[in-house]
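Trainee: structure of the sequence below:
(4 chains)
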Amino acid sequence: MDFDDTPEEAAWRAEVRSFLEANRDRLGERGDRRSFDDVVARERQALLYDAGYVGVTWPVEAGGRGGTPMQQAIVDQEMDRAGVPGLINLIGIGMCGPTVIYHGSDDQKERYLKRLLRAEDVWCQLFSEPASGSDLAALRTKAVRDTDGNWRVSGQKVWTTLAHLSDYGILLTRTDPDVAKHRGLTMFVVDMKAPGVTVRPLKQMSGTAEFNEVFFDDVVIPDSERLGDVGDGWRVALTTLMSERLTLGGGGTEIGVSVGQVARHVAGRVAGLPEGRQALVRQELGRAYVASLGIRYTGYRLLTALSQGNLPGPEASAGKLAGTKAARDLADLAVRLLGDDAVYAVDAEGSTGWQDLQAVLPGMAIAGGTNEVLRNIIGERVLGLPPEPRADKDVTFKDLVASGA
Amino acid sequence: MDFDDTPEEAAWRAEVRSFLEANRDRLGERGDRRSFDDVVARERQALLYDAGYVGVTWPVEAGGRGGTPMQQAIVDQEMDRAGVPGLINLIGIGMCGPTVIYHGSDDQKERYLKRLLRAEDVWCQLFSEPASGSDLAALRTKAVRDTDGNWRVSGQKVWTTLAHLSDYGILLTRTDPDVAKHRGLTMFVVDMKAPGVTVRPLKQMSGTAEFNEVFFDDVVIPDSERLGDVGDGWRVALTTLMSERLTLGGGGTEIGVSVGQVARHVAGRVAGLPEGRQALVRQELGRAYVASLGIRYTGYRLLTALSQGNLPGPEASAGKLAGTKAARDLADLAVRLLGDDAVYAVDAEGSTGWQDLQAVLPGMAIAGGTNEVLRNIIGERVLGLPPEPRADKDVTFKDLVASGA
Amino acid sequence: MYFDLDDEQRDLASAARDFLAGSASPAAARAALDSATADVPPGRLELAKSGFAAITVPERAGGGGGTVLDLAVVAEQAGRVLAGPSLVTYARAAVLLQDDEQRLGALADGSLAVAVVDDGPVLDAVGADTFLWLRGDEVVIGGGTVTAREPLDPTRGLADVAPADGETVAGGRERWDRARQVGRTILAAEGLGAAARALEIGVAYTKERHAFGRPIGSYQAVKHALVDVYVQVEQLRSLVWWAAWAVDNAPDELPLASAAAKGAAATALEQAAETLIQVHGGIGFTWEHDAHLYWRRAKVDRLLLGDDVDAFDEVATLALAAAEEAR
Amino acid sequence: MYFDLDDEQRDLASAARDFLAGSASPAAARAALDSATADVPPGRLELAKSGFAAITVPERAGGGGGTVLDLAVVAEQAGRVLAGPSLVTYARAAVLLQDDEQRLGALADGSLAVAVVDDGPVLDAVGADTFLWLRGDEVVIGGGTVTAREPLDPTRGLADVAPADGETVAGGRERWDRARQVGRTILAAEGLGAAARALEIGVAYTKERHAFGRPIGSYQAVKHALVDVYVQVEQLRSLVWWAAWAVDNAPDELPLASAAAKGAAATALEQAAETLIQVHGGIGFTWEHDAHLYWRRAKVDRLLLGDDVDAFDEVATLALAAAEEAR
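Mentor: So this is what the prediction gives:
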């Protein structure tokens, strides 16, 4: 057991760090509002790509570096440490790109992958729909082949991160309603600037809009933009979702809130409270702190497994379950310590940080798989508990819809 | 709204109270170890019956008084107040008797009911089996009709309160394995002293044995002891279970532990703790106390509904859900306050009370319907949420067993 | 014993529900959040006109001459639709001004726009021109300077208030404390309504919404979460009724009962609102869905009139004092 | 970075599992409960003979010359089968006696039956003849009077101890504190094993037991309860490894890591044991089922070496001190 870098890791870290330091001005500041939503973000990613720090684990022939997960983790850690804003095309790199790598044609790979890594094109993932959230395979967006071999797509997607900035998306559609719901799906690459695509921001309870709704009104997609076979979309989507797990699978990063930040906030306020209250605050902070430490070190175990060449399984979702709970409790503690300010949206110093956080966290237990779905997955795939009986597997999608489901 | 007795209720209360005071010596003391397990308990119940205080709500023709639920509640409250031990035949009165009243023959009613109320016979209820707890209808105890028209019963029951003292029991059996599991059941009255009946105490984790296992080895039951039609046992059992709800349905009584008792315990110990710990203790006591108050006053609402002639529905189970949680938390608080003694089974004064309580409470969330089953019932019957799909309803019991279920 | 509403109170609840459902709504709360200037319905004037605000003001002063329990019945309905201003304010003012028939009349006819000033942010301060506060052991009435701030829950009219000078009204600290306990009781009644409504919305949605071929309300994870809210709501209802009844019938029990109701309401509403969001999945945390409006109410209400931690501490302190006596 | 056991440690775990599964069991714990005189296996002698007890004793003194992490790996296996005496006692004694080669040798060969005396009940005091305690700022070794009492968990050998006079051993308070932190770490490792085993038993049962036509483990209420335990167990495992690693590699982190592991172990084991009973239904609270033996361990362990509340308080205090520095 060893938390130190190997000599190779140390050399890599030094290289990354010195690059980030040398390019500090061009890379911008995390927390800068402009960091994520404009041309600056694309330029930043291109700069990092050209230096070899984007798509570290991607194969060389896909434009990547063919590096190790640990090298990628070190890049992430160093960017974090240097306060460099995250990559704009994270979803593209983590989910869309791998799907193209596994299922795309040579032509698609040629056209898309390198541009994606350089953020010349930003990508989004178009799976969820208003009527199919946890039950993804119940989606209704329809793709019909017309006489000239193109596909015409109509329907609505939702919860699409970055759709408003995206050039392309991977789009899961229903091409055959006469078979069971998992069997009639087909995946495409869609041009987000094509006629008939409308993106609308979806305002959340926190008042911000990290997600979008995307409407497809008879959008034409050439058959050459299909990913995988007709009717094979579910299998293609599983590639995407497994890649997502690799991207988001723990690594010990904190969800939504840094426990250290909360501790500093508490340290600045707790002394003013009566001793009894202080003890209650310490008790809550202590429990949440232990949870956060548990998540951090469990993340290191995952990273170790990755670096040993093991793909993280569904057990990686445990970090999300523990993390959303810890984050909720930390935010609650932080907001309560605002005292009189806690009933307002802005505190006395004009900051909205803790209140915003409080309002973002309920979504964290839902987005990216509700906690209920994650518990099912861990229960069945990790603990080996039996699944629930399913009534929707051997029915055609058409009949399922007709039955009200 | 009014917590006072009506003039009629006040008169009844006064009568009950003066009887209990006048007969204090003959009625014994709650907490006396001999209070529940011998002839004294039967004599006590007979004394109370002869005075008119047992089976208050039972119809006159069944040996009861034809009184109101509020009258019964007042008797319960006054017995509680006077520290009189509970009735030995509570299960007989609450569950077995009503089943005989609804489904028994005139001859059975004549032979059993009055003796039951006077505790000349003690009764038990023989439903649960090792392989059928929550899923009662999956029971396997077999009753087969022999050539002379009698039934021969073999199988095993479990969780049978008072079986070791009982004279009779109501016994749910499977008489037809070739129909769906709910349809092949038949109910009987069984003589607990009959050849082939063996009772074994079932020791619990607390070290005591409130329950028994009961083995039936080719026990002969005359057809005249059948309750209801052959194959109609499920419907008969529902009568029993609904009657149970009337007996146990809240009334605001505390489960396992009195919050006032805990408060006295805390009051005696809390002062020695540092102020921070005191605040933590007060927080826990406060929360559990509020839960207990909520349960108490919700019980009064149920009692009011009863007194207005409304039968309590499944919402009465809410009290058990809230009560087991509150009791667990109270016991935990009480044990922790024992300080060094908390790691032993006996405290420094030689008392085992809090530790025993701690060990009894896990069973409380299971006995009489697990909390999970109660949540299903409330969810479906009170909130109207849809049931889960059932795979076991249209299969014969035989096939169900063969399938491993 | 009869621990239930009577027919008159049930009629009152039904009338209040008609009025409030017609004049206030979560949608209006959202509009107030979107535009800081929007008034929260039904507003002081409409509420006064309806007669519901002044239920506990004696008839001789133009009020309803009803009990705090009557007001609690109405407050539950107000909580369901997140109405503003709070009946807590009227309930407290009616107690504090009980010897001042003229001002009681102004409270009842809507011409007195009052708020009661505790330490910290003041409920219904927005739009108020007259304030009641405690100075030493005296209750004082007068003007004050209101500093509005960006609200978390716009229906609560919270603002910072610096009271100006004022005149003493009768009663003193004892009445102040009683008014606060009555206020906590009505706050809990509003919390009861909001929690019960949040539960209803959640139940209705999970009956309709399907996943994997069946309604999501058939899954135990969803079902049991809603049941746990139901259990809490029903316990809370009992505590609210008890506390409201105690005001007029068992004043000795009021400190305990009102603290218990306050604490239970904070817990139940927070759990109800968080569950409401969770069972809705993605749609539940959108701006356009009502869930966050109940959630905002929960996050704010739990901190008003002393927070839940204070309330539970008070309950324990009272329980321990009683236990000491019994020892 | 490599945060996982290495092959040698995995072999060690496997060997420890073989030995402990063969020599201890919940059934033996039950027997000890049934008869107050029964010894809890494997017992001091067998444990010493196996070599596992003295893993952290240097080789020159006849020990294994291993790390605390090695011992933690063994302790997890001991926790699974509720073995006694606790490796906590050996771990602490090995630290406290590190400059006393002779006594270390006696610890390793089993001839020294030692217990470490804290305020309150003493772990493994039953059967011990030599005690280590803190007198002022000095660590002392000597005899003492043991008063055994009826155990809640018979495998912990808890008794009241009145130390007699003794002689000073080297180290003082600093070493005492470090030994205690090592002890907490090993206690957490035993808790990890017990919790993991309780989870396994629960999972196995709910796969087999049917209700309403399907295995009860397919119901979300059961499944999710077990998953919540799984999540806690895995977080605990990470904390135990971190703390054990820190002993030899990052002593500055040990106070925080050992307190975190202690608190997490208390919480995780209690939840695992209560869940184990609950998912078993009726059979789960019978004397003959193993569930209550894990439950007894949970109820006792949470209070040893400072309770969970103390541990979380310490974590917060350390975190706040670090935050103060960073401000």
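
Trainee: right, and the helix or strand after whichever strand or helix holds A:Asp218?
Mentor: Using DSSP states H and E, A:Asp218 sits in strand A:211-221. The C-terminal neighbour of strand A:211-221 among helices and strands, as given by DSSP H and E, is strand A:226-227.

Trainee: show me what that following strand is packed up against.
Mentor: Secondary structure elements in contact with strand A:226-227, counted by 3 or more CB pairs under 8 Å, 6 or more residues apart in numbering or on different chains; DSSP states H and E, are helix A:97-103, strand A:185-191. Every C-beta, even on glycine, is put in place using the N, C-alpha and C of the backbone.

Trainee: and the helix or strand hosting A:His265, what does it pack onto?
Mentor: Assigned by DSSP H and E, A:His265 belongs to helix A:259-269. Of the remaining helices and strands, those touching helix A:259-269 by 3+ CB pairs under 8 Å, 6+ apart are helix A:275-307, helix A:317-336, helix D:308-326.

Trainee: so which bits of the stretch 151-300 of chain A are right by chain C?
Mentor: When proximity is defined by CB under 8 Å from any CB of the partner chain, the stretch 151-300 of chain A lies next to chain C at A:Val158, A:Trp159, A:Leu202, A:Lys203, A:Gln204, A:Met205, A:Gly207, A:Gly276, A:Arg277, A:Leu280.

Trainee: quick check, pLDDT for the nearest residue to the fourth one once chain neighbours are set aside.
Mentor: If the residues on either side of it in the chain are set aside, A:Lys203 comes closest to C:Trp287, at 3.8 Å by CB to CB, 6 or more residues apart in numbering or on different chains. For C:Trp287, the model assigns a pLDDT of 96.

Trainee: determine the number of other residues adjacent to C:Trp287.
Mentor: With neighbours defined by other CB atoms under 10 Å in any protein chain shown, the count for C:Trp287 comes to 17.

Trainee: repeat that for C:Arg184.
Mentor: 29.

Trainee: after the helix or strand where it lies, next one along is what?
Mentor: Taking DSSP H and E as the criterion, C:Arg184 maps to helix C:172-208. Taking DSSP H and E as the definition, the helix or strand that follows helix C:172-208 towards the C-terminus is strand C:210-211.

Trainee: that next one near chain A anywhere?
Mentor: Yes. If you take CB under 8 Å from any CB as the test, strand C:210-211 does meet chain A, through C:His210, C:Ala211.

Trainee: from the chain's centre, how far out does that strand sit?
Mentor: Once both centres are worked out by CA atoms, centre = their mean, to the nearest Å, strand C:210-211 turns out to sit 35 Å from its chain's centre.

Trainee: follow-up on the earlier one: so which of the helices and strands packed on helix A:259-269 comes closest to D:Gln235?
Mentor: helix A:275-307 (3.1 Å; CB to CB).

Trainee: buried stuff in that closest one?
Mentor: Under the neighbour-count criterion of 16 or more other CB atoms under 10 Å in any protein chain shown, helix A:275-307 has A:276-307 buried.

Trainee: before we move on, what about stretch A:371-387?
Mentor: Taking 16+ other CB under 10 Å as the basis for neighbour counts, the residues of stretch A:371-387 that come out buried are A:371-380, A:382-383, A:385-386.

Trainee: so for that stretch, what's the average pLDDT?
Mentor: Throughout stretch A:371-387, pLDDT has a mean value of 94.

Trainee: and chain D, is it touching that?
Mentor: Yes. Looking at stretch A:371-387 against chain D by CB under 8 Å from any CB, the contacts come from A:Glu372, A:Arg375, A:Asn376, A:Ile378, A:Gly379, A:Glu380, A:Val382, A:Leu383, A:Gly384, A:Leu385, A:Pro386, A:Pro387.

Trainee: show me where chain A has its strands.
Mentor: In order along the chain, chain A carries the following strands (DSSP state E): A:123-126, A:142-145, A:151-158, A:168-174, A:185-191, A:197-202, A:211-221, A:226-227.

Trainee: mean neighbour count and mean pLDDT for those - can I get that in TSV?
Mentor: Listed next are the strands of chain A as TSV, based on neighbours: other CB atoms under 10 Å in any protein chain shown; pLDDT from 0 to 100:
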stretch	mean neighbour count	mean pLDDT
strand A:123-126	28	96
strand A:142-145	17	97
strand A:151-158	21	97
strand A:168-174	26	98
strand A:185-191	25	98
strand A:197-202	17	96
strand A:211-221	19	97
strand A:226-227	24	97
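
Trainee: make a markdown table out of those strands and add distance to B:Val395.
Mentor: Rendered in a markdown table, the data for these read as follows (distance: least, CB to CB, whole Å):
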| stretch | distance to B:Val395 |
| --- | --- |
| strand A:123-126 | 43 |
| strand A:142-145 | 39 |
| strand A:151-158 | 40 |
| strand A:168-174 | 34 |
| strand A:185-191 | 34 |
| strand A:197-202 | 46 |
| strand A:211-221 | 45 |
| strand A:226-227 | 43 |
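
Trainee: which stretch among those strands comes nearest B:Gly55?
Mentor: With CB to CB, the closest approach to B:Gly55 among those belongs to strand A:151-158: 62.1 Å.

Trainee: for that closest one, give me every contacting residue.
Mentor: Applying CB atoms under 8 Å, 6 or more residues apart in numbering or on different chains, the external contacts of strand A:151-158 come out as A:126-130, A:139-146, A:163, A:171, A:173, A:175, A:188, A:190, A:196, A:202, A:211-223, A:226, C:282.

Trainee: okay, the angle between it and strand A:197-202?
Mentor: Between the direction of strand A:151-158 and that of strand A:197-202, the angle (axes from the mean of the first three to the mean of the last three CA atoms, to 10 degrees) works out to 0 degrees.

Trainee: compute the inter-axis angle for strand A:151-158 and strand A:185-191.
Mentor: Using the same axes, to 10 degrees, the inter-axis angle of strand A:151-158 relative to strand A:185-191 is 90 degrees.

Trainee: how about the contacts made by A:Leu338?
Mentor: Counting by CB under 8 Å, 6+ apart, A:Leu338 makes contact with A:Arg269, A:Asp347, A:Trp354.

Trainee: out of those, who has the most neighbours?
Mentor: Within the contacts of A:Leu338, neighbour counts (other CB under 10 Å) peak at A:Trp354, which reaches 24 neighbours.

Trainee: does chain D have contacts with stretch C:218-227?
Mentor: Yes. In this structure, stretch C:218-227 sits against chain D according to CB under 8 Å from any CB; the contacting residues are C:Tyr219, C:Gln220, C:Ala221, C:His224.

Trainee: any chance of the residues you listed in TSV, with pLDDT, distance to C:Glu190 and secondary structure too?
Mentor: As requested, the residues of stretch C:218-227 next to chain D are exported to TSV (pLDDT from 0 to 100; distance: CB to CB, whole Å; DSSP: H, G, I helix; E, B strand; the rest coil):
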residue	pLDDT	distance to C:Glu190	secondary structure
C:Tyr219	96	31	coil
C:Gln220	97	31	helix
C:Ala221	96	30	helix
C:His224	97	27	helix
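
Trainee: highest neighbour count among those residues?
Mentor: For the residues of stretch C:218-227 next to chain D, neighbours were counted by other CB under 10 Å; the highest total belongs to C:Tyr219, with 25 neighbours.

Trainee: count of neighbours near the residue in the stretch 51-200 of chain C that chain D sits nearest to?
Mentor: For the stretch 51-200 of chain C, the nearest residue to chain D under the criterion CB to the nearest CB is C:Leu199, separated by 19.0 Å. Using other CB under 10 Å as the criterion, C:Leu199 is surrounded by 24 other residues.

Trainee: ditto for C:Thr37
Mentor: Other residues lying near C:Thr37 total 5 when counted by other CB under 10 Å.

Trainee: looking at the helices and strands packed on strand A:226-227, which is closest to chain D?
Mentor: Each of those was scored for nearness to chain D using CB to the nearest CB, and the closest is helix A:97-103 (24.3 Å).

Trainee: get me the contact residues on the stretch 151-300 of chain A for chain D.
Mentor: Taking CB under 8 Å from any CB as the test, the list of the stretch 151-300 of chain A residues beside chain D reads A:259-260, A:263-264, A:266-268, A:270, A:279, A:281-283, A:285-287, A:289-291, A:293-298, A:300.
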